[in-house]
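Novice: Just the structure for this:
(chains A and B)
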Protein chains: 2
Amino acid sequence: MKAVIPYKKAGAKSRLSPVLSLEEREELVELMLNQVIDTLKEAGIETIDILSPSMYGLENMTKATVILDRNDLNEALNLYLEQAEEPVMIVMADLPLLSPDHVKGIISTEGDVCIVPGKGGGTNVLFIKNPSDYRVRYYGSSFLTHCSIAEEAGQNVEIYDSFLAGIDIDEPEDLVELLIHGSGASKEYISKKFRLEISRGRVRLAPI
Amino acid sequence: MKAVIPYKKAGAKSRLSPVLSLEEREELVELMLNQVIDTLKEAGIETIDILSPSMYGLENMTKATVILDRNDLNEALNLYLEQAEEPVMIVMADLPLLSPDHVKGIISTEGDVCIVPGKGGGTNVLFIKNPSDYRVRYYGSSFLTHCSIAEEAGQNVEIYDSFLAGIDIDEPEDLVELLIHGSGASKEYISKKFRLEISRGRVRLAPI
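Specialist: Numbers count the residues shown, from 1 in each chain, chains lettered A, B, ... in the order given. You can find the predicted model right below:
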């Protein structure tokens, strides 16, 4: 099996712009990418590809193979799946709470397809045993879409139910989860800029 | 062991008021309470208590024992724990995605305390093996607080990592999760009022 991480550094994570500058957001996505790669390696995955529309920020990447594809995310991934000759795990680059145990757990599922749901109907990890028989459609409610695509292709789906692997970092409130439940470089980076504050019984980010 | 569900129907779930009327919110919390009780029963828990400051909405409750306590949530729960002579599982009433398998999984954890985290630092389920040696403090970042309280008491903590059990229904975006991942009466209730709509690549509620 192999893993592929879609990645785009330039102008990343615009929904974090209320709390982080462009430069900070680009630094954060790079830290998260490296954390995800390390997690996959620690779980024993040897072949890791990064699928990116640009070399920006990947000039010195040595831990994984960079595949350049200027098509949109879905087109690029579907071409990748078409050519794959082994099971493929598609892992989003913004999952700093994903652990090697999660990855091993996902690998050991028995369904044809394993989906790790993210909030708002997202797909955080998609493990596809027979990639040449499957196509992805990210954006929107991709969780439901990916379930339907599997069903239409006669492939059964297993849900990998994890709070931590379910947290993708898109919005300021996700940084709260990173500070509470996270570890590693991206948590350190954010904890130098923000602390947790309790306001009206709820936890919020407060600048340091 | 036994389970206790803190519950208050009157004026419930004010953060859902942008999308549901008071009457609808009160109906929804009642449906969710019943779903949680059924889940606990299905998991084999025989003693289920509802801890409430008022009998409102519980007049005809036959599936669980109602304990009236007009103190605030933490005081009422801590009195309950003090008097308990067996392990106690505190289960929030707004977890319609909690399944019997989750409950069985939580029961079978080996730590002194098991916490199911909710978003924003919340504690969705708290399973306490030695309740007379433990005190709760809900509100704010209760997840971190409950970890610290255990640590200070020399009790070890196990995190039960579940996306589905981690979803408590507080805000409109949580209803999106209920529509995508839920089942049972509360999902049916919400799916008669809202459908999912994709807007700018994100999933939102749209009134029917």
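Novice: When you work out contacts or count neighbours from here on, use the C-alpha atoms and nothing else.
Specialist: Noted.
Novice: what residues are up against A:Val125?
Specialist: Applying CA atoms under 8 Å, 6 or more residues apart in numbering or on different chains to A:Val125 gives the contacts A:Met89, A:Ile90, A:Val91, A:Met92, A:Cys114, A:Ile115, A:Val116, A:Pro117.
Novice: just A:Pro100 next, same as before
Specialist: So A:Pro100 contacts A:Thr39, A:Leu40, A:Glu42, A:Ala43 (CA under 8 Å, 6+ apart).
Novice: How many neighbouring residues does the residue lying closest to A:Asp69 once chain neighbours are set aside have?
Specialist: Excluding the flanking residues, the one nearest A:Asp69 by CA to CA, 6 or more residues apart in numbering or on different chains is A:Pro53, at 4.9 Å. Applying other CA atoms under 10 Å in any protein chain shown, we find 19 residues neighbouring A:Pro53.
Novice: same deal with A:Lys192?
Specialist: A:Lys192 has 10 neighbours, counted by other CA under 10 Å.
Novice: was I right about it contacting A:Ala206?
Specialist: No - A:Lys192 lies out of contact with A:Ala206 (CA atoms under 8 Å); the separation is 11.1 Å.
Novice: A:Asp170 and A:Ala12 touch, don't they?
Specialist: No - contact criterion CA under 8 Å: A:Asp170 and A:Ala12 do not qualify, at 9.6 Å.
Novice: ok, those two, which is more surrounded?
Specialist: The neighbour comparison of A:Asp170 against A:Ala12 (other CA under 10 Å) goes to A:Ala12, with 20 against 16.
Novice: dump the residue contacts of that one.
Specialist: A:Leu22, A:Arg25, A:Glu26, A:Val29 are the contacts of A:Ala12 under CA under 8 Å, 6+ apart.
Novice: If we use 10 Å, what do you get?
Specialist: A:Leu22, A:Glu23, A:Glu24, A:Arg25, A:Glu26, A:Glu27, A:Leu28, A:Val29, A:Glu30, A:Asp170 (CA atoms under 10 Å, 6 or more residues apart in numbering or on different chains).
Novice: Could I have the buried ones of the residues you listed as ChimeraX selection syntax?
Specialist: To isolate the buried members of the contacts of A:Ala12 in ChimeraX, using 16 or more other CA atoms under 10 Å in any protein chain shown:
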select /A:22,24,25,26,27,28,29,30,170
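Novice: So which of the contacts of A:Ala12 reach chain B?
Specialist: Of the residues in the contacts of A:Ala12, proximity to chain B by CA under 10 Å from any CA of the partner chain holds for none.
Novice: Quick check: the two most widely separated of the contacts of A:Ala12?
Specialist: By the measure CA to CA, A:Glu23 and A:Asp170 form the most distant pair in those, at 15.6 Å.
Novice: Just to be sure, which of the contacts of A:Val125 are found in strands?
Specialist: Judged by DSSP state E, the contacts of A:Val125 include A:Met89, A:Ile90, A:Val91, A:Cys114, A:Ile115, A:Val116, A:Pro117 as members of strands.
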